[in-house]
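In: structure of the sequence below:
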Amino acid sequence: MTDPLETEEARALRDAVRALLARRSGPEAVRAAMASPLGYDDKLWSTLCEQIGVAALAIPEHYGGAGAGLAEACVVLAELGRTLTPAPMLGSAVLCGEALLRTGNDEACERLLPGVAAGTTLAALAWSDVDGWGTPALRASETGLDGRAHYVLDGDLADVLLAVARTDDGAGLFEVPVEGVRRSRVTSMDPGRRLAVVECTATPARRLDAGGFAEALRKLRDVATIAVAAEQTGAAARALELTVEYTKQRRQFGRPIGSFQALKHRMADVHVHVEAARSALYAALVDGDPEAVATANLVCTEAFTHAAAEMIQLHGGIAITWEHEAHLYFKRAHGTARLFGDAGAVLGS
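Out: The predicted structure is shown next:
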């Protein structure tokens, strides 16, 4: 079966995104974006959306999208992961786009998805409680939504706020007016991942699904897990590349440290992990069953964690300085490891 990440179209997309990021998202640009009020470079994001159409990839054409799919979105996420480029691709274009599509609500999709696809509307999904994604944090009642949702991607900036909430018939997806909630940015381990807490107190909200949404939420979290696995795979591969480059340049005892057999073995082990991550991501995209998704979650997380740890070790003392990018990969690795929790966990209702 053809690898969906290695089709002619996927390679062309990868080349286009990588070329743009090489020009516009080097280490200094990434740091500047992280420190900016938005937490990302809005001009770069606009260029990615207008010239390449990254936000539109997984959205059907009749809702203003490109009608491609998750595999194409994963190509972009892998490239963003390689450079650690902050962008609302994961939270807005993938997570919220998929959530809206799974409601089957044509009116909501026609109203909200074109802006998301164009990258002009920033959407956020409030879901997790403080302990993780197993049970929705918010509760729906006749008076509105109540509760505090944690780890909301770009939640303090969003133009459109969606919320997963517990209801009498299980769980549902709601559209929440942003002016009716309290939104606070929180400090996270990864400075390139903007997270917020969203607090609702009898907040009026409009339910978008028609009921029986629990299975759709399981599928939604599978999509989110695959998307993160793609980002992890791209970042792990780049961490290995940077480490190999450094070991060719750093000299000890009159020779490059990369020529020492012990270091060769360590980098070879990382290479095996990265290739395993690519295979697991492929299987998750092609099969899509819960076991394949859980495997991708585990394998890609381990690959990135291993690559980032070895990047720190093999770069030596410079890796723990603020000026070097190794610690940013390390923080991203540990942040993504827990972003959507365990893929095999059962969604509470």
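
In: show me where the chain has strands.
Out: Per DSSP state E, the chain carries strands over the ranges 123-126, 128-129, 132-136, 138-141, 144-153, 160-167, 170-176, 182-186, 195-203, 206-207, 251-252, 255-256.

In: which one of these is the most hemmed in?
Out: Of those, the one with the most neighbours on average (mean count of other CB atoms under 10 Å) is strand 123-126, at a mean of 28. Any C-beta I mention is one placed from the backbone N, CA and C, and that applies to glycine too.

In: what comes into contact with that one?
Out: 91-92, 95-97, 99, 112, 116, 137-138, 149, 152-155, 157-164, 176, 196, 198 (CB atoms under 8 Å, 6 or more residues apart in numbering).

In: got it, and stretch 210-227?
Out: Here stretch 210-227 makes contact (CB under 8 Å, 6+ apart) with 70, 73-74, 77, 90, 94-95, 98-99, 102-105, 133, 164, 169-173, 209, 281, 284-285, 288, 290, 293-294, 296-297, 340, 343, 347, 349.

In: now do the longest helix anywhere in the chain, average pLDDT.
Out: Secondary structure of the chain per DSSP state H: the longest helix is helix 214-249. The predicted model assigns helix 214-249 a mean pLDDT of 94.

In: that older thread, from the contacts of stretch 210-227, which land in helices?
Out: Among these, the members falling in helices are 70, 73-74, 77, 98-99, 102-103, 281, 284-285, 290, 293-294, 296-297 (criterion: DSSP H).

In: which of the residues you listed sit farthest apart?
Out: Using CB to CB, the pair of the ones in helices among the contacts of stretch 210-227 lying farthest apart is 103 and 281, separated by 26.8 Å.

In: and the two? Which one has more around it.
Out: Per other CB atoms under 10 Å, whichever of residue 103 and residue 281 has more neighbours is residue 281, with 28 against 20.

In: so for the more buried one, what pLDDT did the model give?
Out: 97.

In: and stretch 152-162, how far apart are its ends?
Out: Using CA to CA, to the nearest Å, the end-to-end distance of stretch 152-162 comes to 10 Å.

In: residues touching it, excluding its own?
Out: Outside of stretch 152-162, the residues within contact range by CB under 8 Å, 6+ apart are 38-39, 88, 90-92, 95-96, 99-100, 112, 115-116, 121-128, 149, 173-178, 181, 183-185, 193-198, 208.

In: so how far is the longest helix of the chain from its chain's centroid?
Out: On the basis of CA atoms, centre = their mean, to the nearest Å, helix 214-249 sits 8 Å off its chain's mean C-alpha point.

In: got the angle for it vs strand 160-167?
Out: Counting by axes from the mean of the first three to the mean of the last three CA atoms, to 10 degrees, helix 214-249 points 130 degrees away from the direction of strand 160-167.

In: got the buried residues for helix 214-249?
Out: Buried residues in helix 214-249, counted by 16 or more other CB atoms under 10 Å: 216-217, 220-240, 242-244, 246-247.

In: report the angle between that helix and strand 132-136.
Out: Using the same axes, to 10 degrees, the inter-axis angle of helix 214-249 relative to strand 132-136 is 170 degrees.

In: does residue 282 touch residue 3 like I think?
Out: Yes - counting by CB atoms under 8 Å, residue 282 does reach residue 3; the two are 5.6 Å apart.

In: and these two? which has more neighbours close in?
Out: Each of residue 282 and residue 3 has its neighbours counted (other CB under 10 Å); residue 282 has more, 20 against 14.

In: what sits against that one?
Out: 3, 4, 5.

In: least confident secondary structure element in this structure?
Out: Here the helix or strand of the chain ranked lowest by mean pLDDT, DSSP states H and E is strand 251-252, holding a mean of 72.

In: report the contact partners of residue 80.
Out: Neighbours of residue 80 in contact, by CB under 8 Å, 6+ apart: 17, 21, 87, 89, 231, 234.

In: contacting residues for residue 108?
Out: 100, 175, 208.

In: from residue 114, how far off is it?
Out: Relative to residue 114, residue 108 is positioned 12 Å away (CB to CB, to the nearest Å).

In: quick check: the spatially closest residue to residue 120 that is not a sequence neighbour vs residue 269, distance?
Out: Nearest non-adjacent residue to residue 120, counting by CB to CB, 6 or more residues apart in numbering: residue 49, 7.8 Å away. Separation of residue 49 from residue 269 (CB to CB): 38 Å.

In: just residue 46 next, same as before
Out: Distance, residue 46 to residue 269, using CB to CB: 40 Å.
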